[in-house]
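>>> I would like the atomic coordinates for the input below:
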Amino acid sequence: MTVTTGPPVHGGYVLARPEGSGVLFVRWALPGEVVSVRIVGRKREYAFAEAVEVLSPSPRRVDPPCEVFGECGGCQLQHADYPFQLEMKREILREAFRRIGKMDVAPEIAPPLEPFGYRYRGRLRVDGEAVGFHALLSHRLVAISRCPLMIDAINAVLPGLRGLGRFAKVSVVQVASDGVRASASFPGVPFGAEMVEHLSGRTGGVLSGARFEDRSWGEERITLRLDGMSYSVSPGGFFQANWRMNQSMVRRIGAALGDRGVSAGARLLDLYAGAGNFALPLAARVREVVAVEGEARSFRELRENVRENAPGNVRIVRSSVESFRPEGRFEALVLDPPRAGLSGRALARVREIAAGNVLYVSCDPATLARDVRSLSDRYDLASLEMHDFFPNTHHVEALAVLSAR
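I've put the predicted structure just below:
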């Protein structure tokens, strides 16, 4: 089937509406192209297709630099030049707010950074001698020698991950780096001296530690700089993979607080606080920060980061957002929920908190648009920005700033 493609949609697809064939979500094509496609899946009202030949290419199409692009499931947009990727993601965010949020808003694009060599952590698959990522929509491993999205320190660890099947049943490894050294986590794998010798001998000294199921070897945690502070996390914990873009987001939220008149005498509430990514650097701007985190590992890292940096005005609370009971008034609320967004009880808690300003960081345009609409009886959307944390992939991160009426 030959189709002419339309606008981008979430997931790395573009839309096509061939006559008599319903709606198609087409992968590996760009808006405005004429492509020959193969149907790869059908639903009741739409179908999925892959472009097999580009008959009339977009002027924004480029040659992907990665040799396994199209086979590996990690990237979806390497065939588009980077400025066009940003435009497509902005349009996806705008369409989500138009369709789900019922509001027409033109998102701004935050200043982008480098589209390659940006990931400070990765979750890799291991199968005997091979290391890599799953193929698209499959559990088949696609072997790699390096990943162009990873920083050099993580790529330097890859040779040591090959051949681990000789020592243990390893299927997944999480690797994180501070930019110079790296640490790994092997879920479900017991410590083994031969395995450690193999790892340390084939990573050029870059791998300085690892966490196994029963014990650690070397330095289990890595430490990153965050607005003048030391931010320590483990490879198995969560932190933003694009650390340089994360630092930019932290500065942007600080500036947004100033723009909204949040002064040094204010109280700030950080829900879904993680290991303190926002609570720690924002503490210097306000009188008190209350950081709420429910997940056990993240809360331990939050507690240790607060202790290490000793900001006396950060109070930590171990609680889910739904169960948290706020005390007193907060001038600002920072939200960074998981992809599913805010539950009904979490939305009720946000309303109960009634902060003057809400800064909502999201990794899913649809749930962000849904939640902003749910809060529109109390809050106006002051600004919406697209922050490209994951260039060359379909992921869209955004910052919505809400102002209480």
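>>> all helices for the chain, in order.
Counting by DSSP state H, the chain has helices at residues 82-99, 152-161, 193-201, 243-259, 279-282, 296-309, 344-353, 365-374.
>>> okay if I get the ones you listed as a markdown table plus mean neighbour count?
Glycine gets a C-beta too; all of them are placed from N, C-alpha and C. Listed next are the helices of the chain as a markdown table, based on neighbours: other C-beta atoms under 10 Å:
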| stretch | mean neighbour count |
| --- | --- |
| helix 82-99 | 20 |
| helix 152-161 | 21 |
| helix 193-201 | 16 |
| helix 243-259 | 17 |
| helix 279-282 | 25 |
| helix 296-309 | 18 |
| helix 344-353 | 16 |
| helix 365-374 | 22 |
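>>> do you know how far residue 158 is from residue 198?
13 Å (C-beta to C-beta, to the nearest Å).
>>> in the stretch 1-150 of the chain, which spans are strands?
2-9, 13-16, 23-27, 34-42, 46-56, 108-109, 121-127, 130-134, 141-143 (DSSP state E, counting those that start in this stretch).
>>> how many neighbours does the closest residue to residue 134 other than its chain neighbours have?
In space, and not counting its chain neighbours, residue 134 is closest to residue 73: 5.1 Å by C-beta to C-beta, 6 or more residues apart in numbering. Residues lying near residue 73 (other C-beta atoms under 10 Å) number 17.
>>> identify the residues contacting residue 73.
The neighbours of residue 73, taking C-beta atoms under 8 Å, 6 or more residues apart in numbering as the test, are 133, 134, 135, 136, 137, 138, 142.
>>> residue 295 versus that one, what's the distance?
Distance, residue 73 to residue 295, by C-beta to C-beta: 26 Å.
>>> now do residue 180
28 Å.
>>> more neighbours, these two?
residue 295 (17 against 11).
>>> tell me the pLDDT of the more buried one.
Note on residue 295: pLDDT of 95.
>>> any idea how far it is from residue 230?
21 Å.
>>> I'd like the strands of the stretch 1-150 of the chain laid out as TSV, including distance to residue 351, mean pLDDT and mean neighbour count.
Converted to TSV, the strands of the stretch 1-150 of the chain look like this (distance: least, C-beta to C-beta, whole Å; pLDDT from 0 to 100; neighbours: other C-beta atoms under 10 Å):
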stretch	distance to residue 351	mean pLDDT	mean neighbour count
strand 2-9	31	97	18
strand 13-16	35	97	22
strand 23-27	36	96	20
strand 34-42	40	95	16
strand 46-56	36	96	16
strand 108-109	27	98	14
strand 121-127	35	94	20
strand 130-134	40	95	19
strand 141-143	46	96	17
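>>> closest one to residue 242 among those?
strand 121-127 (9.5 Å; C-beta to C-beta).
>>> what is that closest one packed up against?
strand 130-134, helix 152-161, strand 172-177 (3 or more C-beta pairs under 8 Å, 6 or more residues apart in numbering; DSSP states H and E).
>>> contacts for stretch 141-159, please.
With C-beta under 8 Å, 6+ apart as the criterion, stretch 141-159 contacts 65-66, 68, 71-75, 116-122, 124-125, 127, 130-135, 175, 177-182, 184, 202-204, 206-207, 391-393.
>>> just the buried members of the residues you listed?
Buried members of the contacts of stretch 141-159, counted by 16 or more other C-beta atoms under 10 Å: 66, 68, 72-75, 116, 118-122, 124-125, 131-133, 135, 175, 177-178, 181-182, 184, 202-203, 206-207, 391-393.
>>> one step back: now render the strands of the stretch 1-150 of the chain as TSV, adding distance to residue 265.
TSV is the format used below for the strands of the stretch 1-150 of the chain (distance: least, C-beta to C-beta, whole Å):
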stretch	distance to residue 265
strand 2-9	44
strand 13-16	48
strand 23-27	51
strand 34-42	56
strand 46-56	53
strand 108-109	29
strand 121-127	37
strand 130-134	48
strand 141-143	54
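>>> tell me the pLDDT of residue 138.
89.
>>> residues near it, how many?
Based on other C-beta under 10 Å, the number of other residues close to residue 138 is 10.
>>> and stretch 352-370, how far apart are its ends?
19 Å (C-alpha to C-alpha, to the nearest Å).
>>> what's the average pLDDT for that stretch?
Stretch 352-370 carries an average pLDDT of 97.
>>> and that stretch, how far from the chain's centre?
Mean-position distance between stretch 352-370 and its chain equals 16 Å (C-alpha atoms, centre = their mean, to the nearest Å).
>>> stretch 39-59 too?
Its chain's C-alpha centre and that of stretch 39-59 lie 27 Å apart, by C-alpha atoms, centre = their mean.
>>> ok, residues contacting that stretch?
With contact meaning C-beta under 8 Å, 6+ apart, stretch 39-59 is reached by 1-3, 13, 16, 21-38, 61, 80, 84.
>>> could you dump that stretch to PDB, C-alpha only?
Coordinates of each C-alpha in stretch 39-59 appear next as PDB, following Å, rounded to 0.1, in the frame of the first residue of the first chain:
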ATOM      1  CA  ILE A  39       0.600  -3.600   7.700                       C
ATOM      2  CA  VAL A  40       2.000  -5.200  10.900                       C
ATOM      3  CA  GLY A  41      -1.000  -5.100  13.200                       C
ATOM      4  CA  ARG A  42      -4.700  -4.300  13.200                       C
ATOM      5  CA  LYS A  43      -7.200  -3.100  15.800                       C
ATOM      6  CA  ARG A  44     -10.900  -2.500  15.300                       C
ATOM      7  CA  GLU A  45     -10.600   1.200  14.300                       C
ATOM      8  CA  TYR A  46      -7.000   1.500  13.200                       C
ATOM      9  CA  ALA A  47      -3.900  -0.400  12.000                       C
ATOM     10  CA  PHE A  48      -0.100  -0.200  12.500                       C
ATOM     11  CA  ALA A  49       2.200  -0.100   9.500                       C
ATOM     12  CA  GLU A  50       5.900   0.200   8.700                       C
ATOM     13  CA  ALA A  51       7.400   2.100   5.900                       C
ATOM     14  CA  VAL A  52       9.300  -0.300   3.600                       C
ATOM     15  CA  GLU A  53      10.200   2.200   0.800                       C
ATOM     16  CA  VAL A  54      10.300   6.000   0.800                       C
ATOM     17  CA  LEU A  55       9.000   7.100  -2.600                       C
ATOM     18  CA  SER A  56       9.000  10.900  -1.900                       C
ATOM     19  CA  PRO A  57      11.200  11.700   1.100                       C
ATOM     20  CA  SER A  58      10.900  14.700   3.400                       C
ATOM     21  CA  PRO A  59      13.600  17.300   3.200                       C
END
